[in-house]
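K.L.:
Quick one: sequence and predicted model below, then my questions.
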Amino acid sequence: MSVKSYLVNLKSKLDTNALKLPYTFVTGNQSADMDSVVSALTFAYFSNLRSSDQYVIPLINIPKEDLKLRKDIVKLLSYHSITEDLLYFVEDFEKITGKSTDKILLNLVDHNNIQGEELHKAFNEGQVDTVGILDHHADEGEFLKADPRIIRTCGSNSSLVFNYFYDNFFHTDKDFLSKQVDVLELLLGPLLIDTSCMTQKVEEPDTKAFDAYKQGLSYSSGFQQLFVADNDKSSIENFHATLKSAKKDFSGFSFMDILRKDYKQFTFDKGDKVGFSSLGKSFKWIFTNYTKEEIEKTLGDALKVNNIDLLVMSDSFNRKDTNQYTREFAYYYEVQENNRFKSLGERAQKDLGLNDDIYGFDKIDATYQAVNEKGTFKLFNQGNTAASRKQIVPIVKNILESDNETENHL
Ligand code: ATP
Ligand code: MG
């Protein structure tokens, strides 16, 4: 069976109301990046492989309309002939669950607490039982009875999904890897993207999964034919390069699209609503490719549309001049009462290694000043390049929730 054929079966069951209640979903996090999407799809697929009457609905936690911003995912899925109509998005969640008053069983992958408006709503209405968690973010301490409840660090969450199912249910089948090349090729995508082709953030679960995928690939000639090894690169490296360039392909995007493409939103304990966008381009690129007017308007709109107090933007890119991997940390807010955000950079300085050595700043100075007219925009070079959003969110959360903040900085 392929992941596609599972999705076709699932769709026909759903369309004919033949799915048994209660509905079981698995969803990735609100950024709906490749890791989240593939973790959800493979969790659903493996659940069905384990027991053929189990139909788990993989939910992508964004509107359908936004999938096209994730060109890397669309490309990866195209190798498996998985098209948008076989996938489920937030608008489908309400359509499907509206039909039943039964509880919904929910598995979380690549996050460990409810995310997104639609799921929050269903959860607050008592409609959702969180039954399983496989995640690699900081443990928020929720849903302690979930089974499985595996939360540990590693490069790609998809490794945890593969290892959980393989170790518990499939490893005794000696032909498993040769029979499951389709799903293994799908899993290889996020593993390579999240670990920069197994060179960064690799931990034991990633290595273990990678070894299994490589064994699986050795049975497939298709992969080697599609991503031909050349003098410089192996098939796997070429596969990674193809996905990475799709991920970094921003052609046709507005600045708002860039902000929406990989976005998460949290309400912290003191009520601060904060959005976090991961950006795939430097501010030098953004500030020279969009007009001052568009940038100013988009930042304001992003606060309004998402109803947030603060927008944190963290970008990562390789510098054109040195090819060095670089990260920047920026944030924007407008409302004056929120002056408490003013010192955020100062307070995060140590953990994130923030400094003013901003790539190409001389070229963007004018735009930087302009976006500071209506609101407050701050930009830093982030010396600690090892801290990605996974680390940045808890750091910002701690700062905004810590007690001395309001007294000291209002
Ligand atoms: P979240 O879990 O909230 O989605 P994240 O940890 O994935 O956050 P991002 O800020 O989106 O954080 O950054 C992750 C991306 O950064 C990865 O997809 C990876 O491609 C890239 N990356 C991380 N470290 C490196 C590195 N040293 N070299 C090149 N790319 C890297
Ligand atoms: Mg991510």
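P.N.:
Looks like it came in fine. Ligands and ions are numbered 1, 2, ... in the order given.

K.L.:
Let me see the backbone angles for the residue of the stretch 201-350 of the chain found nearest ligand 1.
P.N.:
Distances between the stretch 201-350 of the chain and ligand 1 by Cβ to the nearest ligand atom are smallest at Ser278, namely 3.4 Å. (Glycine included, C-beta is placed from N, CA and C.) The phi/psi pair for Ser278 (degrees, to the nearest 10) reads phi -90, psi 130.

K.L.:
Test for you: state the pLDDT assigned to the residue lying closest to it once chain neighbours are set aside.
P.N.:
Excluding the flanking residues, the one nearest Ser278 by Cβ to Cβ, 6 or more residues apart in numbering is Asp262, at 4.1 Å. pLDDT, Asp262: 96.

K.L.:
Asp262 contacts Asp33, doesn't it?
P.N.:
Yes. Counting by Cβ atoms under 8 Å, Asp262 touches Asp33, with 5.7 Å between them.

K.L.:
For the two, list the residues in contact with both.
P.N.:
70, 278 (Cβ atoms under 8 Å, 6 or more residues apart in numbering).

K.L.:
Comparing the two, which shows the higher neighbour count?
P.N.:
Asp33 (25 against 22; other Cβ atoms under 10 Å).

K.L.:
Quick one: name the residues of the stretch 251-400 of the chain near ligand 1.
P.N.:
Applying Cβ under 6 Å from any ligand atom, we find that the stretch 251-400 of the chain lies next to ligand 1 at 262, 264, 278, 314, 316, 325, 388-390.

K.L.:
Need the phi and psi values for the nearest residue to Lys390 once chain neighbours are set aside.
P.N.:
Excluding its sequence neighbours, the residue lying closest to Lys390 (Cβ to Cβ, 6+ apart) is His137, at 5.7 Å. Per-residue torsions, His137: phi -110, psi 170 (degrees, to the nearest 10).

K.L.:
233 is where my numbering starts, stick with that
P.N.:
Happy to do that; since the first residue is 233 now, the last one works out to His369.

K.L.:
so what's His369 scoring on pLDDT?
P.N.:
Note on His369: pLDDT of 97.

K.L.:
Likewise for the one 10 residues further on?
P.N.:
Per-residue confidence at Asp379 stands at 98 (pLDDT).

K.L.:
can you check Leu420 too?
P.N.:
98.

K.L.:
distance of it from ligand 1?
P.N.:
Noted for Leu420: a distance of 14 Å to ligand 1, by Cβ to the nearest ligand atom, to the nearest Å.
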